[in-house]
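Student: The sequence and its predicted three-dimensional model are supplied below.
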Amino acid sequence: MIIQQYAMNRKIKSLLKTLYNNKKLTLIIIAVILIVIIIINVISCSRKNAIRIGADDRIDITPEQIRSVEAIGQWEFLSVSDEEFVDTVRKGFFSDDKLARIYVGTLRLGVDMQRVQKDWLKVDADTLVAILPKIQLLDKRFMDEARTRSFFESGSWSAVDREALYQRAYRLMMERCMTVENIKSAEENARIQFTALFHSMGYSSLRITFSNQ
């Protein structure tokens with residue numbers, strides 16, 4: 001053991017002596033060591049300051065886009081035409097008076113964008129969520145007076161009598177046209193058209209529902 005240590009010390013002394021006598025070799029070794037240290041530091045800093053590039057799937061909608069959709073106002077998604085035959089009879093002593101008329105109307109179902117709730121349009125992760133106003137009758141004056149015609153009339157009838165007949169036809173059209181099936185059909189048309197609108201604005205993932213108010 002002592003002999004091996006002595007031999008090792010002699011080798012170290014010999015190496016040091018060689019380096020001392022050969023200054024050029026010494027400078028080269030020092031330069032190599034410095035270069036290695038610099039390379040290690042550069043690699044370490046690069047790892048710490050590495051730029052991470054990833055996809056940001058979040059989307060944003062601007063107030064201007066929201067206002068542009070709200071500015072649409074009323075949007076019709078289903079039009080239903082109807083024709084109703086309505087009559088009334090007034091009993092008389094000698095004969096009965098009868099009034100029969102045919103009423104025509106077109107009911108327009110859709111949404112009124114002026115009735116949207118606060119935060120009706122928002123972002124959920126990568127999905128644009130729209131809560132539209134419920135489907136409603138856009139114009140309550142749907143009876144076409146110009147196409148209303150008398151079918152049969154006997155006797156004398158007042159304006160009040162004719163108005164009562166008109167109101168009966170109005171209620172019949174509402175019952176016949178404002179059905180669950182027609183409302184669902186209008187909602188489906190609304191989803192299709194709003195989807196196309198938002199796609200044109202750059203939004204691909206959508207969820208469209210309707211308010212119950």
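Tutor: Cool, the structure landed.

Student: tell me the domain ranges of the protein?
Tutor: Following automatic domain parsing, one finds the domains of the chain at 2-48, 63-210.

Student: Most tightly packed of those?
Tutor: domain 63-210 (a mean of 14; mean count of other Cβ atoms under 10 Å). Yep, even glycine has a C-beta here, placed from its N, CA and C like the rest.

Student: For the chain, just list every one of the strands.
Tutor: Assigned by DSSP state E, the strands in the chain fall at 74-90, 97-112, 121-124, 127-132, 136-137, 149-153, 206-210.

Student: Mind checking those for the one nearest to Glu181?
Tutor: Proximity to Glu181, assessed across the strands of the chain by Cβ to Cβ, is greatest for strand 74-90 (10.3 Å).

Student: Just the helices from this protein, written as ranges.
Tutor: Secondary structure of the chain (DSSP state H): helices located at 2-21, 23-48, 63-70, 159-177, 180-200.

Student: quick one: Asp139 from Ala71, how far?
Tutor: According to Cβ to Cβ, to the nearest Å, Asp139 stands 19 Å off from Ala71.

Student: swap in Gln213?
Tutor: Separation of Gln213 from Ala71 (Cβ to Cβ): 21 Å.

Student: need the contact list for Gly105.
Tutor: Gly105 sits next to Ser81, Asp82, Glu83, Glu84, Phe142, Met143, Asp144, Ala169, Tyr170, Met173 when contact means Cβ atoms under 8 Å, 6 or more residues apart in numbering.

Student: contacting residues around the fourth one?
Tutor: Contact analysis of Glu84 by Cβ under 8 Å, 6+ apart lists Ile102, Tyr103, Gly105, Ala169, Leu172, Met173, Arg176.

Student: switch the cut-off to 7 Å
Tutor: Residues near Glu84 by Cβ atoms under 7 Å, 6 or more residues apart in numbering: Tyr103, Ala169, Leu172, Met173.

Student: isn't Glu70 right next to Val116, touching?
Tutor: Yes - counting by Cβ atoms under 7 Å, Val116 is a contact partner of Glu70 at 6.2 Å.

Student: CSV please, covering the domains of the chain and showing mean pLDDT.
Tutor: Shown next, in CSV, are the domains of the chain (pLDDT from 0 to 100):
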stretch, mean pLDDT
domain 2-48, 61
domain 63-210, 93
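
Student: who touches Asp161 in this structure?
Tutor: The contact partners of Asp161, by Cβ under 7 Å, 6+ apart, come to Leu99.

Student: Report the separation between it and Ala169.
Tutor: 13 Å.

Student: any idea how far Thr62 lies from Val69?
Tutor: Thr62 is 11 Å from Val69, by Cβ to Cβ.

Student: same question, Gly105
Tutor: Distance from Gly105 to Val69, by Cβ to Cβ: 30 Å.

Student: Check Asp126 too.
Tutor: Per Cβ to Cβ, Asp126 is found 20 Å from Val69.

Student: swap in Ser205?
Tutor: Counting by Cβ to Cβ - Ser205 and Val69 are separated by 17 Å.

Student: before we move on, what about Glu187?
Tutor: 17 Å.

Student: And Ile208, by the same measure?
Tutor: Distance from Ile208 to Val69, by Cβ to Cβ: 12 Å.
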